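Student: this one's sequence-less:
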């Protein structure tokens, strides 16, 4: 039987917005929900684009993938880091397995698909593509068709979305989204496929750039500001693109609409390394006069017990004897030091000392295995209400400006999931879907058994 499935991925689309008061403005989303299965999707730990989409498409957790964020430790040397890309992924994706079963796939913009790898079908790489001069399609000749398919320049990503040029950023997001959907629909029409998937990064970019303008609970919100309605209008435009895409499909095609995580207001940032210095875990050779990115040569390693990284969550690393070059913690003391630091992090309050609800995870407790070099501690500062600032020289643990450029939102652990028309009766709402359930369920749709090492269950 010839079965077709299309996955429309919307990075960072948030259940509180999509399933909330705006749903009445989204007729195409409502149509898919009315005849399908829908609910909240539980993301990875941590809920970030890399590695969440690849976890979704492999049903492997970040530890099994060996990917803990965009930048990862390559060795236990203090400054030996690498930026992850598709070459670092060895787990089999849905389209890898479909290819072996003689099914053709069309894959557009799924994070961690640059550089593109051969498959039975076609692929357009993701936002990690460094620039348009790089080869980001398979087959390579597809790249020359993209401008025609997109109706203009095919935008890989928004350039520098953390800035104060709001109108310019908004225009880029809108154009990028319209052209990606246009190119995807053209490929669906022109190419032969059994499985097709696209991921649009626009929702993530608009949340980070405009959350303060839409959320009355944000400390920088001003009622009646000129951008107060831009995110709702974007969701309406996105709904229109979804409708056009679904209407262009053969009537018996099954459709999944899914996000990798959600978004929430960002209260501020915790300068993780300032905290570690204050508590005596991190010692610098010289304290900088102004905010400065922490580098290995700034640290007195023989006196340092722990250091951290910035990002939507904090990664904390311990300086362990026999592991790091100038390790200071004896092997027998690692567990004690880590639990002591966990207690201190979870007790950290806001600038006035009020509890913020920080959560600390140990990788071996949340992942099936830990390939590569995981952080020793995964820290949700204020349960992700606060991001992690890795800079030093701030003069304070608590910051209210992001140290990598203006940013109003952090990631939230729940995304959205809708599965429309699987040839069954309407299913309605469901309990939370795990991000790991998506891949085995797609394979089941094609009557292909899920590999035994997949984490999720079949929906």
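Tutor: Arrived safely. Small disclaimer: the values here were computed from a predicted structure and weren't measured.
Student: what are the ranges of the helices in the stretch 51-200 of the chain?
Tutor: Listed in chain order, the helices of the stretch 51-200 of the chain (DSSP state H, counting those that start in this stretch) span residues 62-65, 94-100, 142-150, 166-190.
Student: ok now the last one, how far from the chain's centre?
Tutor: In this case it means helix 166-190. Centre-to-centre, helix 166-190 and its host chain are 19 Å apart (Cα atoms, centre = their mean, to the nearest Å).
Student: Next: the second one.
Tutor: Relative to its parent chain, helix 94-100 has a centroid offset of 23 Å by Cα atoms, centre = their mean.
Student: Buried residues in that helix, which are they?
Tutor: For helix 94-100, the neighbour count (16 or more other Cβ atoms under 10 Å) marks 94-99 as buried. From N, CA and C alone the C-beta is placed, and that goes for glycine too.
Student: Could I get the helices of the stretch 51-200 of the chain in a markdown table, plus columns for mean pLDDT and distance to residue 71?
Tutor: As requested, these are arranged in a markdown table below (pLDDT from 0 to 100; distance: least, Cβ to Cβ, whole Å):
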| stretch | mean pLDDT | distance to residue 71 |
| --- | --- | --- |
| helix 62-65 | 98 | 13 |
| helix 94-100 | 98 | 25 |
| helix 142-150 | 95 | 27 |
| helix 166-190 | 97 | 24 |
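Student: among those, which is the most enclosed?
Tutor: Neighbour counts (mean count of other Cβ atoms under 10 Å) averaged over each of the helices of the stretch 51-200 of the chain peak at helix 62-65, with a mean of 23.
Student: For it, enumerate the helices and strands it packs against.
Tutor: Here helix 62-65 touches helix 49-58, going by 3 or more Cβ pairs under 8 Å, 6 or more residues apart in numbering; DSSP states H and E.
Student: What's the end-to-end length of stretch 359-368?
Tutor: 20 Å (Cα to Cα, to the nearest Å).
Student: and what of stretch 292-309?
Tutor: The first residue of stretch 292-309 is 13 Å away from its last residue (Cα to Cα).
Student: can you check stretch 258-265 too?
Tutor: End-to-end distance (Cα to Cα), stretch 258-265: 21 Å.
Student: residue contacts, the one residue sitting closest to the centre of the chain?
Tutor: The centre of the chain sits closest to residue 49, judged by Cα atoms, centre = their mean, with a distance of 1.4 Å. Residue 49 makes contact with 11-12, 111, 201, 204, 260-261 under the criterion Cβ atoms under 8 Å, 6 or more residues apart in numbering.
Student: Please, where are all the strands along the stretch 351-459 of the chain?
Tutor: Using DSSP state E, counting those that start in this stretch, the strands of the stretch 351-459 of the chain run over 359-361, 377-380, 386-389, 398-399, 409-412, 414-420, 428-429, 433-434.
Student: which parts of stretch 56-63 are buried?
Tutor: Neighbour-count burial for stretch 56-63 flags 56-63 (criterion: 16+ other Cβ under 10 Å).
Student: Tabulate these (CSV), appending distance to residue 365.
Tutor: Listed next are those as CSV, based on distance: Cβ to Cβ, whole Å:
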residue, distance to residue 365
56, 22
57, 24
58, 21
59, 19
60, 17
61, 12
62, 13
63, 10
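Student: Determine which two of those are furthest apart.
Tutor: Farthest pair in these (Cβ to Cβ) is 57 and 63. Separation: 16.4 Å.
Student: So, low pLDDT: which residues of the stretch 351-459 of the chain?
Tutor: Within the stretch 351-459 of the chain, the stretches with pLDDT under 70 are 403-405, 422-428.
Student: Okay, and the beta partners of the closest residue to residue 199 other than its chain neighbours?
Tutor: Using Cβ to Cβ, 6 or more residues apart in numbering and skipping residues adjacent in sequence, the residue nearest residue 199 is residue 9, 3.6 Å away. Beta-bridge partners recorded for residue 9 (DSSP bridges): residue 199, residue 258.
Student: which stretch among the helices of the stretch 51-200 of the chain comes nearest residue 74?
Tutor: Closest approach to residue 74 among the helices of the stretch 51-200 of the chain (Cβ to Cβ): helix 62-65, 15.3 Å.
Student: How about residues contacting the closest one?
Tutor: Residues outside helix 62-65 that contact it (Cβ under 8 Å, 6+ apart): 44-46, 51, 54-55, 58, 68, 89, 91, 363, 366-371, 374, 453, 455.
Student: In ChimeraX, how would I select the buried members of these?
Tutor: Entered in ChimeraX, the line below selects the buried ones among these, by 16+ other Cβ under 10 Å:
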select :44,45,46,51,54,55,58,68,89,91,363,366,367,370,371,374,455
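Student: Isn't residue 451 up against residue 97?
Tutor: Yes - using Cβ atoms under 8 Å, residue 451 is in contact with residue 97, at 7.4 Å.
Student: Against residue 107, how distant is residue 459?
Tutor: 21 Å (Cβ to Cβ, to the nearest Å).
Student: can you check residue 241 too?
Tutor: Distance, residue 241 to residue 107, using Cβ to Cβ: 18 Å.
Student: can you check residue 385 too?
Tutor: From residue 385 to residue 107 the distance is 34 Å (Cβ to Cβ).
Student: who's more crowded, these two?
Tutor: Taking other Cβ atoms under 10 Å, residue 385 and residue 107 do not tie; residue 107 has more neighbours (28 against 19).
Student: how many neighbours does the residue nearest to residue 199 have?
Tutor: Going by other Cβ under 10 Å, the residues that sit close to residue 9 add up to 25.
Student: Also residue 124?
Tutor: Residues near residue 124, counting by other Cβ under 10 Å: 27.
Student: Just give the closest residue to it, not the sequence neighbours.
Tutor: The shortest distance from residue 124 to any residue other than its chain neighbours is 4.4 Å, reached at residue 108 (Cβ to Cβ, 6+ apart).
Student: Nice, that's everything, thank you.
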